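*Asks:* structure for this input, please:
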Amino acid sequence: MAAAIELPYSVDPYTVERAWMRAKMFQKEERLHLAEQGMRAAKARDKRLLLCLSKAADVITKMHDAQRGEEQRTSTDYRRATATPVQMIQESYRLADEGNPIIQFSWIYAAFGELAGVVV
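*Replies:* Numbers count the residues shown, from 1 in each chain. Next up is the predicted model:
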């Protein structure tokens, strides 16, 4: 019987938003060592990183749906951005799960790897 995978932090709206902001900060500050660690974890299909990304994709999708529903109820002009954080997190998870992570998501892998306890 396989042991349950535990994450050091809970994956909730607060931690997902914080990880997303950290991903943007890592990219802006060009913290390449963190991006490399995140890519290594994604390429290795680290179970903690995949679990964290999966949970984060679920959480951010629920947040987006709640916000989108409110916008649709209050606005007549709703426009989609070309690439939303929701789409980027979902796609980064899908590619990592398939074993094909791409370098463009290395900052996401780094930030969510930090949340999962695989990037230090």
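
*Asks:* what helix or strand is the closest residue in space to Ala56 that isn't next to it in sequence on?
*Replies:* Among residues not flanking Ala56 along the chain, Val16 sits closest, at 4.8 Å (CB to CB, 6 or more residues apart in numbering). The way it works is simple: take the backbone N, C-alpha and C, and place the C-beta from them, glycine included. Under the criterion of DSSP states H and E, Val16 resides in helix 13-28.

*Asks:* how far does the helix or strand that that helix is followed by sit from its chain's centre?
*Replies:* Sequence-wise, the next helix or strand downstream of helix 13-28 (DSSP H and E) is helix 32-43. Offset of helix 32-43 from its chain centre (CA atoms, centre = their mean, to the nearest Å): 14 Å.

*Asks:* ok, residues contacting helix 32-43?
*Replies:* Under the criterion CB atoms under 8 Å, 6 or more residues apart in numbering, residues 26-27, 49, 92, 95-96, 99, 101, 103, 105-114, 116, 118-120 lie in contact with helix 32-43.

*Asks:* those, buried ones only, as a PyMOL selection?
*Replies:* To isolate the buried ones among these in PyMOL, judged by 16 or more other CB atoms under 10 Å, type:
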select buried, resi 26+27+49+92+95+96+101+105+106+107+108+109+110+111+112+113+114+116+118+119
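
*Asks:* of the contacts of helix 32-43, which belong to helices?
*Replies:* 26-27, 49, 92, 95-96, 106-114, 116 (DSSP state H).

*Asks:* need the residue closest to the centroid of this structure.
*Replies:* Nearest to the mean C-alpha position of the chain, counting by CA atoms, centre = their mean, stands Ile89 at 4.2 Å.

*Asks:* for the helix holding Val16, packing partners?
*Replies:* helix 32-43, helix 47-74, helix 85-98, helix 106-116 (3 or more CB pairs under 8 Å, 6 or more residues apart in numbering; DSSP states H and E).

*Asks:* out of these, which gets nearest to Ile5?
*Replies:* Of all those, helix 47-74 sits nearest to Ile5, with 5.2 Å by CB to CB.

*Asks:* list the buried residues of the closest one.
*Replies:* Residues of helix 47-74 classed as buried by neighbour count (16+ other CB under 10 Å): 48-57, 59-60.
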